[in-house]
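Asks: Here is the input, now give the coordinates:
(one chain, ligands or ions: 2)
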Amino acid sequence: MAVLVTGGAGYIGSHMVLALIDAGHDEVVVLDDLSTGFDWALPPEVTLVRGDVADQALVAETIRRHGIDALAHFAAKIVVPDSVSDPLGYYLANTVKSRALIEAAIGAGVRHVIFSSTAAVYGEPAVVPVPEDLSPNPINPYGRSKLMTEWMLEDAARAHGISYVALRYFNVAGADPRGRSGQSTPNATHLLKVATQAALGKRSHLEVFGTDYPTPDGSCLRDYIQVSDLAAAHLAALNHLRGGGESLTLNCGYGRGYSVLEVIDVVKSVSGVDFPVTLSPRRAGDPSRIIAGADRIRAELGWVPQHDDLRGIVTQALAWEEALGRRNRI
Ligand SMILES: NC(=O)c1ccc[n+]([C@@H]2O[C@H](COP(=O)([O-])OP(=O)(O)OC[C@H]3O[C@@H](n4cnc5c(N)ncnc54)[C@H](O)[C@@H]3O)[C@@H](O)[C@H]2O)c1
Ligand SMILES: O=c1ccn([C@@H]2O[C@H](COP(=O)(O)OP(=O)(O)O[C@H]3O[C@H](CO)[C@@H](O)[C@H](O)[C@H]3O)[C@@H](O)[C@H]2O)c(=O)[nH]1
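Replies: Numbers count the residues shown, from 1 in each chain. Ligands and ions are numbered 1, 2, ... in the order given. Reported below is the predicted structural model:
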């Protein structure tokens with residue numbers, strides 16, 4: 001039995017690939033168009049098929065050739081403010097292409113799907129930490145594009161007798177503790193990436209988008225989950241599905257929020273660099289606070305996080321950013 005990882009050359013997908021290899025899965029196939037991913041992020045034993053997830057002939061051929069029973073679907077466009085300026089591009093990438101992929105995968109015999117969903121499906125939740133059974137109410141096209149794919153998957157699974165786990169990631173951060181992968185996207189917009197780059201002098205400063213939110217210090221609250229912990233959740237989901245477990249929708253977070261200003265303080269403290277910070281207006285599409293209700297995934301999958309420590313996450317992110325610089329990569 002083999003696993004197909006779409007978007008496996010990207011930030012989170014490459015950590016899933018490492019987790020599969022570390023756990024002894026000997027056949028891992030990645031489907032990636034390398035639009036934001038990197039072939040060098042993959043270990044040599046992994047098969048990379050370069051192409052688009054919506055290429056149904058390629059998907060079917062890949063699944064049949066490698067005897068794939070399980071699909072982990074990471075490939076997507078992921079930047080919330082970009083989804084506000086380019087909604088149709090996001091619906092195409094995250095909804096329309098996912099539909100094509102799911103259809104081809106089921107047709108070619110895939111039995112299990114793990115889907116990269118997002119906390120953005122909750123929008124601006126009335127309660128935090130937010131439980132999975134709160135009605136989703138996304139406030140940006142990115143969250144809507146992902147919610148539609150959750151719904152497609154749910155309906156298709158029921159109709160075609162497959163099982164799935166939709167994992168709603170909160171804010172993913174950090175790097176492989178062994179230094180094999182990390183967030184490598186050039187011009188990345190994620191807070192921790194920008195902050196580590198500012199600390200290392202790769203950016204002149206960091207802008208705080210909004211200090212007038214209804215939060216304790218006025219900046220947005222997010223729940224930062226370490227990327228290898230997240231990959232481990234996927235492995236647990238895979239075992240659950242292959243063991244005959246039912247379809248699930250689960251939050252992936254630690255259940256604790258940090259404000260943008262708190263994150264900046266931790267990066268300054270760990271790096272020892274007091275980089276310049278400017279206060280700017282709110283960014284389009286940002287909810288003020290989003291924190292995971294984190295109990296269900298532990299109960300359903302027995303997932304126990306190993307890296308729930310913001311200083312440790314920042315230390316990993318800084319080490320990866322330095323390594324990228326040494327390799328002249330970014
Ligand atoms: N980074 C986060 O904080 C976060 C939070 C919630 C959910 N997610 C979800 O996790 C998933 C992975 O995100 P990431 O941060 O690793 O992003 P990423 O951009 O690093 O990875 C995406 C990968 O998918 C590939 N890809 C994109 N479109 C493709 C297509 N049409 N066909 C084939 N390959 C394609 C890219 O080349 C890249 O390797 C996404 O689905 C994203 O929505 C991320
Ligand atoms: O230079 C920066 C970058 C970010 N922020 C703020 O930091 C917070 C976090 O932003 P960012 O790191 O860009 O992540 P989100 O917009 O919260 O989105 C991430 O987290 C979501 C889940 O919560 C995922 O769905 C998305 O894919 C992923 O990009 C937000 O308040 C931003 O306004 C800044 O103030 N300055």
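Asks: just checking, next helix/strand downstream of the longest helix along the chain?
Replies: With secondary structure taken from DSSP state H, the chain has its longest helix at helix 141-160. Downstream of helix 141-160, the first helix or strand assigned by DSSP states H and E is strand 163-169.
Asks: Which strands and helices lie in contact with the helix or strand hosting Ile264?
Replies: Using DSSP H and E, Ile264 sits in helix 260-271. The contact analysis (3 or more CB pairs under 8 Å, 6 or more residues apart in numbering; DSSP states H and E) places helix 260-271 against helix 191-199, strand 206-209, helix 310-326. Every residue, glycine included, has its C-beta placed from N, CA and C.
Asks: The same query, at a cut-off of 6 Å, please.
Replies: Under the contact criterion of 3 or more CB pairs under 6 Å, 6 or more residues apart in numbering; DSSP states H and E, helix 260-271 touches helix 191-199, helix 310-326.
Asks: Which residue ranges of this structure form helices?
Replies: Under DSSP H, the chain gives helices at 11-22, 56-66, 80-85, 87-91, 97-107, 141-160, 191-199, 227-242, 260-271, 295-301, 310-326.
Asks: Compare the ones you listed and give me the one nearest ligand 1.
Replies: helix 11-22 (3.5 Å; CB to the nearest ligand atom).
Asks: avg pLDDT for the closest one?
Replies: Mean per-residue pLDDT for helix 11-22: 98.
Asks: same deal with stretch 31-46?
Replies: 96.
Asks: Can you give the distance of that stretch from its chain's centre?
Replies: Its chain's C-alpha centre and that of stretch 31-46 lie 16 Å apart, by CA atoms, centre = their mean, to the nearest Å.
Asks: Columns mean neighbour count and distance to ligand 2 on top of the helices of the chain, output as CSV?
Replies: Below are those laid out as CSV (neighbours: other CB atoms under 10 Å; distance: least, CB to the nearest ligand atom, whole Å):
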stretch, mean neighbour count, distance to ligand 2
helix 11-22, 24, 9
helix 56-66, 17, 23
helix 80-85, 18, 4
helix 87-91, 17, 11
helix 97-107, 21, 15
helix 141-160, 19, 6
helix 191-199, 24, 4
helix 227-242, 23, 11
helix 260-271, 19, 5
helix 295-301, 17, 15
helix 310-326, 19, 12
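Asks: Which parts of this structure belong to which domain?
Replies: 2-173+224-252, 191-222+255-292+306-323 (automatic domain parsing).
Asks: Tabulate those in a markdown table, adding columns for distance to Gln183.
Replies: Putting those into a markdown table (distance: least, CB to CB, whole Å) gives the following:
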| stretch | distance to Gln183 |
| --- | --- |
| domain 2-173+224-252 | 5 |
| domain 191-222+255-292+306-323 | 5 |
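Asks: ok, back up a step: right, and the helices of the chain - which one's nearest Glu132?
Replies: Closest to Glu132 of the helices of the chain is helix 295-301 (CB to CB; 5.6 Å).
Asks: What residues does the protein have near ligand 1?
Replies: When proximity is defined by CB under 6 Å from any ligand atom, the chain lies next to ligand 1 at 6-7, 9-13, 31-37, 52-53, 74-76, 78, 93, 97, 116, 118, 169, 171-172, 185.
Asks: In strands, which of these fall?
Replies: 6, 31-32, 116, 118, 169, 171-172 (DSSP state E).
Asks: Now which of these would you call buried?
Replies: The neighbour count (16 or more other CB atoms under 10 Å) marks 6, 31-32, 116, 118, 169, 171-172 as buried among those.
Asks: State the pair within these that is farthest apart.
Replies: Most distant of these, by CB to CB, are Leu31 and Asn171, 25.4 Å apart.
Asks: contacting residues around the residue of the chain most remote from its centre?
Replies: The outermost residue of the chain relative to its centre, with distances by CA atoms, centre = their mean, is Asp274 at 29.0 Å. Shown in contact with Asp274 (CB atoms under 6 Å, 6 or more residues apart in numbering): Lys268.
Asks: Next one, pLDDT for it please.
Replies: At Asp274, pLDDT is 98.
Asks: now do Arg329
Replies: Reported pLDDT for Arg329: 61.
Asks: now His307
Replies: In this model, His307 is scored at 98, pLDDT.
Asks: distance of it from Met148?
Replies: 31 Å (CB to CB, to the nearest Å).
Asks: what is Arg168 paired to in the beta sheet?
Replies: Ser117, Asn251 (DSSP bridges).
Asks: just checking, it touches Leu248?
Replies: No: using CB atoms under 6 Å, Arg168 makes no contact with Leu248, being 10.8 Å away.
Asks: neighbour count winner among the two?
Replies: Using other CB atoms under 10 Å as the criterion, Arg168 and Leu248 rank with Arg168 on top: 25 against 18.
Asks: Run through the residues that contact that one.
Replies: 117-119, 251.
Asks: how about 7 Å then?
Replies: With contacts defined as CB atoms under 7 Å, 6 or more residues apart in numbering, Arg168 is in contact with 117-119, 121, 249-252.
Asks: Same question for Trp303.
Replies: Contacts of Trp303 (CB under 7 Å, 6+ apart): 232-233, 236, 297.
Asks: got JSON lines for the residues you listed, with distance to Leu42 too?
Replies: Listed next are the contacts of Trp303 as JSON lines, based on distance: CB to CB, whole Å:
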{"residue": "Ala232", "distance to Leu42": "19"}
{"residue": "Ala233", "distance to Leu42": "21"}
{"residue": "Ala236", "distance to Leu42": "22"}
{"residue": "Ile297", "distance to Leu42": "27"}
